[in-house]
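**Student:** Take a look and give me a structure for this.
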Amino acid sequence: MTISRPDHENRVRTSNRGTLCAVLLNPSFNAENSVSYSNLGVAAASLGFDSFHIVNLIQVQSRNSKELAQKAIDQEPWLVSRPEICQSLNSADEVVFAWGASRLAGQANRHKDEQVEWTIQQTVRAGHTEVLLMNGSPRHPSRWRQYVGPQKMRVTGDTLEDRFRKVLNPHPIEEVCGLGGSRVSEAPAMMRQASINNEDTDLPVNKGGMS
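**Tutor:** Below you'll find the predicted structure:
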């Protein structure tokens, strides 16, 4: 998606950072009407990117993490996604990891961990030495607005853009190795339980606000 801004915003925010590639978990049924797409648009513009695009670890749609775990038991659909991931990483100027903090169940999570580690390796091969993370975690964009909300008191800022800029920071790629298994497996039980509660599931954008 190409990001358009009013002239005054171009002068203030644009830094010609090119294209941002966002690596998510799986496609949303809501596509460009999803919360993730909206939040990524706001974040990319506030960080000075000219455009952004989304690529997914697996090209299997689901309504929640439980359903995805049932659909993603086999390795094949994970492997099918790899050419597009490679192409997206190679064409991007910068990358944000945003596949979510929750785990899948059983064999599907083992495939996810393998895909994450493979994606990190391909990110390095594509020439990226840093990746963006939200406060050090690959939090899913569907949860970004809630995470930085003023009621949470995690980050200060008068606008959503201000808060996004403060928590979407670059991290050396060697520091994020292990996000597939070790880092996520150490997440609090409350975050692991999130898969049951649709933690990383996109909802459509309601008129007048976010879901």
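
**Student:** ok, the residue nearest in space to the middle of the chain - contacts?
**Tutor:** The residue lying closest to the centre of the chain (Cα atoms, centre = their mean) is residue 98, at 2.0 Å. Contacts for residue 98 (Cβ atoms under 8 Å, 6 or more residues apart in numbering) come out as 22-24, 36, 40, 134, 138-141. Every C-beta, even on glycine, is put in place using the N, C-alpha and C of the backbone.

**Student:** Save these as a markdown table, and put in distance to residue 92, secondary structure and pLDDT too.
**Tutor:** A markdown table is the format used below for the contacts of residue 98 (distance: Cβ to Cβ, whole Å; DSSP: H, G, I helix; E, B strand; the rest coil; pLDDT from 0 to 100):
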| residue | distance to residue 92 | secondary structure | pLDDT |
| --- | --- | --- | --- |
| 22 | 9 | strand | 98 |
| 23 | 9 | strand | 98 |
| 24 | 14 | strand | 97 |
| 36 | 17 | helix | 95 |
| 40 | 13 | helix | 97 |
| 134 | 17 | strand | 94 |
| 138 | 16 | coil | 95 |
| 139 | 19 | coil | 95 |
| 140 | 19 | coil | 96 |
| 141 | 16 | helix | 97 |
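
**Student:** Select from the residues you listed the one having the most neighbours.
**Tutor:** For those, the largest neighbour count, defined by other Cβ atoms under 10 Å, is 28 neighbours, found at residue 141.

**Student:** Contacts only, for the nearest residue to it once chain neighbours are set aside.
**Tutor:** Ranked by Cβ to Cβ, 6 or more residues apart in numbering and with sequence neighbours excluded, the top spatial neighbour of residue 141 is residue 36, at 3.9 Å. By Cβ under 8 Å, 6+ apart, the contact set of residue 36 is 24, 28, 54, 98, 140-142, 202.

**Student:** ok, now residue 88?
**Tutor:** 21, 23, 53, 55.

**Student:** Now do the SS call for the third one.
**Tutor:** Using DSSP: H, G, I helix; E, B strand; the rest coil, the structure places residue 53 in strand.

**Student:** Looks like it contacts residue 23 (just checking).
**Tutor:** No - between residue 53 and residue 23 there is no contact under Cβ atoms under 8 Å: 10.3 Å.

**Student:** before we move on, back to that, now which of the contacts of residue 88 would you call buried?
**Tutor:** Using 16 or more other Cβ atoms under 10 Å as the burial test, these include 21, 23, 55 as buried.

**Student:** nearest to residue 123, of those residues?
**Tutor:** Top of the list for closeness to residue 123, among the buried ones among the contacts of residue 88 and by Cβ to Cβ, is residue 23 at 8.2 Å.

**Student:** pLDDT on stretch 100-116, on average?
**Tutor:** Over the span of stretch 100-116, the pLDDT mean works out to 93.

**Student:** Mind listing what's buried along that stretch?
**Tutor:** 100-104, 108-109, 111-116.

**Student:** what's the answer for stretch 71-85, then?
**Tutor:** Under the neighbour-count criterion of 16+ other Cβ under 10 Å, stretch 71-85 has 72, 77-78, 81, 85 buried.
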